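> okay, predicted coordinates and the sequence, questions at the end:
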Amino acid sequence: MTPEAAALAADRRWQRFTARDYLCPCCGQPSTGLYDLGFDHPDPWPHGNRAAAGEDTLVVGADRLGTDLCTFDGGFYIRCTLPLPIRGSDQVFAFGPWASVSDASFARYVAAWRAEDYSDFPGCFAWLANALPGIASEASVPCNLETGDGTARPQLFAQSASQGLAGLQREGISFDRLLDIYAAAGNDLRPHLGEA
């Protein structure tokens, strides 16, 4: 066991966070455990939340937002996951952002997605299309979109030119950083987990 893994295993907050039967003594709130943070739409999408509208696909004129694909104002977007390993554990937290891709890449992805065969689409260049809570804002984050075997959403990996995010994906995040991310997204778990 690495020193970082040993420190995390000894952290009482981590123990409470990962315990399925833990209840906060102040409010009775159960531990949520690890969960991912998704985005309903790309940040530039101008027509509101699809989920709030109660629609599987939100269509406004020629603009279209589904659960996995989005097109508007000449832009093409694919929903993906952006993994961040948690240092000292074998667990991975993921954001569920959107990636902006070229029209040619979008057409190739959609064809592969419909055929459920990604052999002709191993991935493409993409731009991160959402600001990530708890992650320092970077103007434009160049990424690689990778489809893997096609059984899950494609994954987004920041290129090394994006030092902050690429470094976090490569080296992982601490448990404290994970809690900061949740707090920045509006769910501060720290008061419910107590002291380390």
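Great, that's in hand.
> could you export stretch 122-134 as PDB, CA atoms only?
The C-alpha coordinates for stretch 122-134 follow below in PDB (Å, rounded to 0.1, in the frame of the first residue of the first chain):
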ATOM      1  CA  PRO A 122     -11.300   5.800 -32.800                       C
ATOM      2  CA  GLY A 123     -11.700   9.400 -31.700                       C
ATOM      3  CA  CYS A 124     -11.000  13.000 -32.700                       C
ATOM      4  CA  PHE A 125      -9.900  16.400 -31.500                       C
ATOM      5  CA  ALA A 126     -12.400  18.300 -29.400                       C
ATOM      6  CA  TRP A 127     -12.800  21.400 -27.200                       C
ATOM      7  CA  LEU A 128     -14.300  21.100 -23.700                       C
ATOM      8  CA  ALA A 129     -17.600  22.900 -23.800                       C
ATOM      9  CA  ASN A 130     -18.400  23.300 -20.100                       C
ATOM     10  CA  ALA A 131     -16.800  25.100 -17.200                       C
ATOM     11  CA  LEU A 132     -16.000  22.500 -14.500                       C
ATOM     12  CA  PRO A 133     -16.900  23.400 -10.900                       C
ATOM     13  CA  GLY A 134     -13.900  23.400  -8.600                       C
END
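> what mean pLDDT does that stretch have?
Averaged over stretch 122-134, pLDDT sits at 94.
> do stretch 45-62 as well
Mean per-residue pLDDT for stretch 45-62: 86.
> in that stretch, what's buried?
Trp45, Arg50, Leu58 (16 or more other C-beta atoms under 10 Å). From N, CA and C alone the C-beta is placed, and that goes for glycine too.
> do I have it right that Ala129 meets Phe76?
No - in this structure, Ala129 is not within contact of Phe76 by C-beta atoms under 8 Å, at 10.1 Å.
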